[in-house]
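Participant: fold the following and give me the result.
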Amino acid sequence: MNNHIIITIGRQFGSGGRAIGRQLAKNLNIAYYDKELLAEAAKESGLCGEIFEKADERASNRLSYAFSVEFPNMGLHTPYPDILSNEQLFLFQSNAIENIAAKGESCVLVGRCADYVLREHPNLLSLFIHNKPENRIRNIVERQHVSAEAAAEMMKKTDKSRASYYKYYTDKEWGMSSSYHFSIDVSLLGFDHTVEMIGMIIEKRQKRQLAGEIAHR
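Facilitator: Numbers count the residues shown, from 1 in each chain. Sure thing, here's the model as predicted:
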């Protein structure tokens, strides 16, 4: 029986999506990947992790297609060893996501178009987490220790960047409900009950999948 689950989470900045993913992973005792995805991509590509950090969830700049980096003794073989495009970084990152999913173990993957990369995976459950602006601003203020005005600006810029990144690599609309299995507003139930509700969705999905496997034996 192949009953593991791959949970991907897209999220508005400050919505609580990252914390929800972390709590789900803890409750289910499964692996959690957020920035860890960048570390995996760096390890598999042989590149410095800082390179992936700089390009993290940012679409390519069409006027400046690639950015310059140095690769001392990294053994990278490209026609232009001083230039690595965001598209190449996205490919390395996508390969890391696919390799994680191929392990056959349940996990939570946050951001980085993981829902799109794994769109054909039979055990995928994709979620998008959003929240009221006032709740998001409060979360950002508490987490980043900035003013409400600065938090609102960060929220606007980060959401715009994530939307552009998602659109660029998937040709789909970031945050649109049709792009995901479930789109959930945290403000409706609050953090704890949202986590609980998602847990129930996962449980029901697993039972339905198991019942389908038994029926086809």
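
Participant: gap between G10 and Y33?
Facilitator: According to CB to CB, to the nearest Å, G10 stands 14 Å off from Y33. Heads up, the C-betas are built off the backbone N, CA and C, glycines and all.

Participant: neighbour count winner among these two?
Facilitator: Under the criterion of other CB atoms under 10 Å, the comparison of G10 against Y33 puts G10 first, with 25 against 22.

Participant: given the helix or strand that contains that one, what are its sheet partners and their directions?
Facilitator: Taking DSSP states H and E as the criterion, the element that holds G10 is strand 6-11. Each strand paired with strand 6-11, and its direction, by DSSP bridges: strand 107-110 (parallel), strand 124-130 (parallel).

Participant: can you give me the mean pLDDT across the next helix or strand after the first one?
Facilitator: Going down the chain from strand 107-110, the next helix or strand is helix 114-117, by DSSP H and E. Over the span of helix 114-117, the pLDDT mean works out to 97.

Participant: A152: neighbour count?
Facilitator: For A152, the tally of surrounding residues (other CB under 10 Å) stands at 18.

Participant: any low-confidence regions in the chain?
Facilitator: 1-2, 55-84, 212-217 (pLDDT under 70).

Participant: what does the longest helix seen in the chain contact?
Facilitator: Secondary structure of the chain per DSSP state H: the longest helix is helix 191-215. Residues from elsewhere that reach helix 191-215 (CB atoms under 8 Å, 6 or more residues apart in numbering): 1-3, 5, 7, 16, 19-20, 23-24, 27-28, 123, 125, 127, 129, 182, 184, 186, 188-189.

Participant: give me the buried subset of those.
Facilitator: 5, 7, 16, 19-20, 23-24, 28, 123, 125, 127, 129, 184, 186 (16 or more other CB atoms under 10 Å).

Participant: and those, which is closest to K172?
Facilitator: L127 (15.0 Å; CB to CB).

Participant: could you measure from the closest one over to A148?
Facilitator: If you go by CB to CB, the gap between L127 and A148 works out to 28 Å.

Participant: and the helices in the protein?
Facilitator: Across the chain, reading from the start of the chain, the helices by DSSP H fall at 17-28, 36-45, 49-55, 86-102, 114-117, 133-144, 148-170, 186-189, 191-215.

Participant: which of the ones you listed has the highest mean neighbour count?
Facilitator: With neighbours defined by mean count of other CB atoms under 10 Å, none of these is more surrounded on average than helix 114-117, at a mean of 24.
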